[in-house]
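**Student:** Sequence and predicted structure, then a few things I'm wondering about:
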Amino acid sequence: MNYREKWFAANKSDHGWYTCAKCGKKIHKCDVDIDHIIPQKYGGSDELYNLQCTCKHCNRSKQAKLKGVPENFVKHNLKRAANKILDNLKSRIQ
């Protein structure tokens, strides 16, 4: 499974729509770019903690730059951790 398939398998859509992590724009699955927060050029992995959904414009604007990486990395993984905690709590209640 490549990193794009891995990201889609782990992230639910809103009827085929996703939200860009950079600008907040709603984008259809066919227009989604899965961005490496830490670019592969700098050793970024294909693991979920390093992947985010972006629109094509935001991904092309970022290119392989490191600007904003710490903020994006923390923001992205804080959401993932919170969602995992909520899922665990929901499963205990049911």
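**Tutor:** Alright, I've got the coordinates. Every value quoted in this text rests on a predicted model; they were computed, and no experiment measured them. Numbers count the residues shown, from 1 in each chain.
**Student:** Is it correct that Ala10 is in contact with Leu48?
**Tutor:** Yes: using Cβ atoms under 8 Å, Ala10 is in contact with Leu48, at 5.5 Å. For every residue, glycine as well, the C-beta is placed using N, CA and C.
**Student:** So between those two, which is more surrounded?
**Tutor:** Using other Cβ atoms under 10 Å, the more surrounded residue of Ala10 and Leu48 is Leu48, with 16 against 10.
**Student:** okay, the more buried one: pLDDT?
**Tutor:** In this model, Leu48 is scored at 90, pLDDT.
**Student:** surely it meets Ala9?
**Tutor:** No: the pair Leu48 / Ala9 is not scored as a contact, 9.5 Å apart, by Cβ under 8 Å.
**Student:** I'd say Lys26 and Ser13 touch.
**Tutor:** No: the pair Lys26 / Ser13 is not scored as a contact, 10.6 Å apart, by Cβ under 8 Å.
**Student:** Dead centre of the protein: give me the residue that sits there.
**Tutor:** Geometric centre of the chain, nearest residue: Gln52, 1.9 Å, by Cα atoms, centre = their mean.
**Student:** Which residue is the nearest non-sequential neighbour of it?
**Tutor:** Ala21 (4.2 Å; Cβ to Cβ, 6 or more residues apart in numbering).
**Student:** tell me, how many neighbours does the one you found end up with?
**Tutor:** Using other Cβ under 10 Å, Ala21 has 19 neighbouring residues.
**Student:** need the strands for the chain, in chain order.
**Tutor:** 17-19, 26-28, 33-36, 51-54 (DSSP state E).
**Student:** Remind me what the last one packs against, helices and strands.
**Tutor:** Contact here means 3 or more Cβ pairs under 8 Å, 6 or more residues apart in numbering; DSSP states H and E; on that basis strand 51-54 packs against helix 3-10, strand 33-36.
**Student:** Not counting it itself, show me its contacts.
**Tutor:** For strand 51-54, contacts defined as Cβ atoms under 8 Å, 6 or more residues apart in numbering pick out 3, 6-7, 11, 18-22, 27, 32-37, 62, 72, 76.
**Student:** Now, of those, which are buried?
**Tutor:** Buried residues within the contacts of strand 51-54, defined by neighbour count using 16 or more other Cβ atoms under 10 Å: 3, 7, 11, 18-22, 27, 32-37, 62, 72, 76.
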